[in-house]
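Chemist: Predicted model and sequence follow; I will ask about them next.
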Amino acid sequence: MGAHLAIIGGGFSGAVLALETRARGGCATVIDKAGAFGRGLAYSTKDPAHLLNVPAGRMSVMPDAPDDFVAWLRGVGRAFNPIAVGPNVYVPRHIYGAYLEERLCPSREQEESSAIRLVQGEAVGIEIRADEVCIALADGDSIVADAAVLATGHSAPRAPIDIAELSPGVYINDPWSADLLDAIKTSADVLFIGAGLTMIDVAQSLMHREHRGRMLALSRHGLTPLPQHELAALDPTPLQLPLSVSHALRALRQEAHRAQGTGGAWQDVMNRARHIASAHWQRMSLDQKARFLRHARSWWEVHRHRAGPEASQLLQTLLRSGRLRVIAGKIVDATMLENRVTLQYRPRGKDDLDCVSVDVIVNCTGAGQDPQHTQDRLVQVLIKSGYARRHPTGLGYDVDETSALIAADGVASQRLFALGPPTRGAFWEITAVPEIRRAARDLAERLARLYPAA
Ligand SMILES: Cc1cc2nc3c(=O)[nH]c(=O)nc-3n(C[C@H](O)[C@H](O)[C@H](O)COP(=O)(O)OP(=O)(O)OC[C@H]3O[C@@H](n4cnc5c(N)ncnc54)[C@H](O)[C@@H]3O)c2cc1C
């Protein structure tokens, strides 16, 4: 038997790494505090209105079997979705979650003999010993393995306003909590902080609940996700981008114009840019990364993380009908006034303040990423013990090119690794299925070499 890995986090990242580990003769104990094995945050939703923003044909969990998800949909998946689907369909995310869950753990009997063990529990501590690593769980249990991988994904979002003075129930920090969204009156005026894909998710959920109140989305730039486009085969021509952020954006725009001039789509250019983004990011200086995050991040997010056809159509319908208004501005203050929240904000490019009054605020700014600003016990232990350090961009942990955690003394660990969103500072494009799939494969290969026969 090869390496025994402890994988902390059983979302997409943890699931795909466990599968890759098993494929190499190793075994994995996957620990998840929510018990949402395979599903994690993105695919735990039960709302059928929440669709994948990528067609089914691109969502196989098996890199060597790109048709695996579509084949599953046509077989086992028919129980969830009786309509036969093809590779270009955008299916509900909960169905994709069922696929991942099933691939990770086909049946209870097989689980008994499987090289993948699933443990529901919260990892709250880690100790690196001479030849093993020990994970402490909140219930007092522990798991000993050759190496541990942090696949802890997206942390809870950070409140973008001071909520201390707000009445209970008027501020919702977790935009994916169906119970909290259920509690919003259908007549309530709702303000979303953030205008990206999460905002569309919440607007979709509210519309599903026959919401009649006003919806406002406030974000720094007021940009909303652009539409997905029927995906063409990736143009193999390498895209060369200058390291300077402004020059790189100019080059991207020129390339997009060129593509559109010859009947192509700017989305195809973004797909090529995505392909080289991680390598490009790693070549950028810290100063260039900081400039990108300050000036170009919102632009990148709306062009890169696009809305699928239905989500895009809903967004346009809501905007055109005036049911949803998007405001570009920076929040200055939030106070209660007669059971409503008054939000003062500075409109983008203006000096004077403006204000809106709403019944409920939903935080749609997306997951928290800075280990310095989290209440998560494990993260705090890792940073305090010096086993991990924050990436200088504030996007997750500092890791080397093999995903090994870099300790406070600057030395890369041989036993602690990270995968997926917690490595965004090092790799940037590492939060979607294709990138995580590739990174999981590389990491499983490296670990199989490091611990060939434990
Ligand atoms: C809403 C949403 C929709 C998306 N849609 C798409 C899409 O359509 N197509 C696409 O390609 N990508 C999509 N993505 C991106 C991508 O699939 C996700 O980023 C990916 O699922 C990341 O998975 P993960 O396992 O790293 O993180 P998560 O899904 O966040 O899972 C992490 C898991 O770790 C567990 N955990 C955390 N800390 C501990 C601890 N201390 N102890 C034990 N367990 C712990 C949590 O319970 C959680 O289950 C979407 C992302 C989101 C957020």
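Modeler: Sure, I can see it. Keep in mind that what you see is a predicted model, and the values were worked out from it rather than measured.
Chemist: Taking the stretch 151-300 of the chain, what residue is nearest to the ligand?
Modeler: Closest residue of the stretch 151-300 of the chain to the ligand, CB to the nearest ligand atom: Gly153 (2.0 Å). For every residue, glycine as well, the C-beta is placed using N, CA and C.
Chemist: residues in contact with the nearest residue to Arg438 once chain neighbours are set aside?
Modeler: In space, and not counting its chain neighbours, Arg438 is closest to Pro63: 7.1 Å by CB to CB, 6 or more residues apart in numbering. Listed by CB atoms under 8 Å, 6 or more residues apart in numbering, the contact partners of Pro63 are Arg437, Arg438, Arg441.
Chemist: any idea which of those is closest to the ligand?
Modeler: When those are ranked by distance to the ligand (CB to the nearest ligand atom), Arg437 comes first, at 9.2 Å.
Chemist: what secondary structure does the closest one sit in?
Modeler: Secondary structure, DSSP: H, G, I helix; E, B strand; the rest coil: Arg437 is helix.
Chemist: what residues are up against it?
Modeler: With contacts defined as CB under 8 Å, 6+ apart, Arg437 is in contact with Val16, Val61, Pro63.
Chemist: And the last one, its phi and psi?
Modeler: Here the main-chain torsion angles of Pro63 (degrees, to the nearest 10) amount to phi -60, psi -30.
Chemist: for Asn173, same thing?
Modeler: phi -90, psi -30.
Chemist: pretty sure it contacts Ala156?
Modeler: Yes - with contact defined as CB atoms under 8 Å, Asn173 counts as touching Ala156 (7.0 Å).
Chemist: Give me the more crowded residue out of the two.
Modeler: Asn173 (17 against 14; other CB atoms under 10 Å).
Chemist: Spit out the contact partners of that one.
Modeler: Contacts of Asn173 (CB under 8 Å, 6+ apart): Ala156, Pro157, Ala159, Ile163, Asn363.
Chemist: who touches Arg60 in this structure?
Modeler: Just to correct that, residue 60 is Ser rather than Arg. Pro66, Asp67, Asp68, Phe69, Val70.
Chemist: That one and Arg437, how far apart?
Modeler: Between Ser60 and Arg437 the computed distance is 8 Å (CB to CB, to the nearest Å).
Chemist: go on, Gly194?
Modeler: Counting by CB to CB - Gly194 and Arg437 are separated by 27 Å.
Chemist: ok, the residue nearest to Arg390 when sequence neighbours are not counted - contacts?
Modeler: Nearest residue to Arg390, sequence neighbours excluded (CB to CB, 6+ apart): Pro371, at 4.8 Å. Contact partners of Pro371, counting by CB under 8 Å, 6+ apart, are Val379, Leu382, Ile383, Ala388, Arg390, Gly396, Tyr397.
Chemist: cool, Asp409 as well?
Modeler: Going by CB under 8 Å, 6+ apart, Asp409 touches Gly386.
Chemist: Tell me the secondary structure at it.
Modeler: Once three-state DSSP is applied, Asp409 turns out coil.
Chemist: separation between it and Thr423?
Modeler: Taken as CB to CB, the span from Asp409 to Thr423 is 20 Å.
Chemist: swap in Ser142?
Modeler: 25 Å.
Chemist: Show me which of those two is the more surrounded one.
Modeler: Thr423 (27 against 13).
Chemist: Quick check: the more buried one touching Ser403?
Modeler: Yes - taking CB under 8 Å as the definition, Thr423 is a contact partner of Ser403 at 6.0 Å.
Chemist: burial measure for Pro236, as a count.
Modeler: Around Pro236 there are 7 residues (other CB under 10 Å).
Chemist: Low-confidence bits of the stretch 201-350 of the chain, can you list those?
Modeler: Within the stretch 201-350 of the chain, the stretches with pLDDT under 70 are 231-234.
Chemist: Next one: Cys134 relative to the ligand, how far apart?
Modeler: Cys134 is 14 Å from the ligand, where distance means CB to the nearest ligand atom, to the nearest Å.
Chemist: How about the secondary structure of that residue?
Modeler: Recorded secondary structure, Cys134: strand (three-state DSSP).
Chemist: do the same with Lys289
Modeler: Applying three-state DSSP: Lys289 is helix.
Chemist: okay, now the residue nearest to it when sequence neighbours are not counted: neighbour count?
Modeler: Take Lys289 and drop its neighbours on the chain: the residue closest to it by CB to CB, 6+ apart is Thr393, 5.5 Å away. Each residue near Thr393 was counted by other CB under 10 Å, and the total is 19.
Chemist: okay, Thr393: pLDDT?
Modeler: Looking at Thr393, its pLDDT reads 96.
Chemist: right, and it touches Leu293 too?
Modeler: Yes - between Thr393 and Leu293 a contact is recorded at 6.4 Å, counting by CB under 8 Å.
Chemist: for the protein, what's the longest strand?
Modeler: strand 324-337 (DSSP state E).
Chemist: Please identify which helix or strand holds Asp64.
Modeler: Here Asp64, judged by DSSP states H and E, is contained in no helix and no strand.
Chemist: The ligand versus that one, what's the distance?
Modeler: Taking CB to the nearest ligand atom, one finds Asp64 at 18 Å from the ligand.
Chemist: any chance you could map the helices in the stretch 51-200 of the chain?
Modeler: Ranges of helices in the stretch 51-200 of the chain, per DSSP state H, counting those that start in this stretch, are 68-74, 93-104, 108-113, 178-182, 197-208.
Chemist: what is the rounded mean pLDDT of the third one?
Modeler: Per-residue pLDDT values over helix 108-113 give a mean of 55.
Chemist: Now render the contacts of Arg437 as JSON lines, adding pLDDT.
Modeler: Below are these laid out as JSON lines (pLDDT from 0 to 100):
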{"residue": "Val16", "pLDDT": "97"}
{"residue": "Val61", "pLDDT": "94"}
{"residue": "Pro63", "pLDDT": "84"}
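Chemist: Name the nearest of those relative to the ligand.
Modeler: Val16 (8.3 Å).
Chemist: Just to be sure, that closest one is in a strand?
Modeler: No - counting by three-state DSSP, Val16 falls outside a strand, being helix.
Chemist: what's around it, how many residues?
Modeler: 29.
Chemist: does the residue nearest to it when sequence neighbours are not counted count as helix, strand or coil?
Modeler: Among residues not flanking Val16 along the chain, Ala440 sits closest, at 4.3 Å (CB to CB, 6+ apart). With three-state DSSP as the basis, Ala440 sits in helix.
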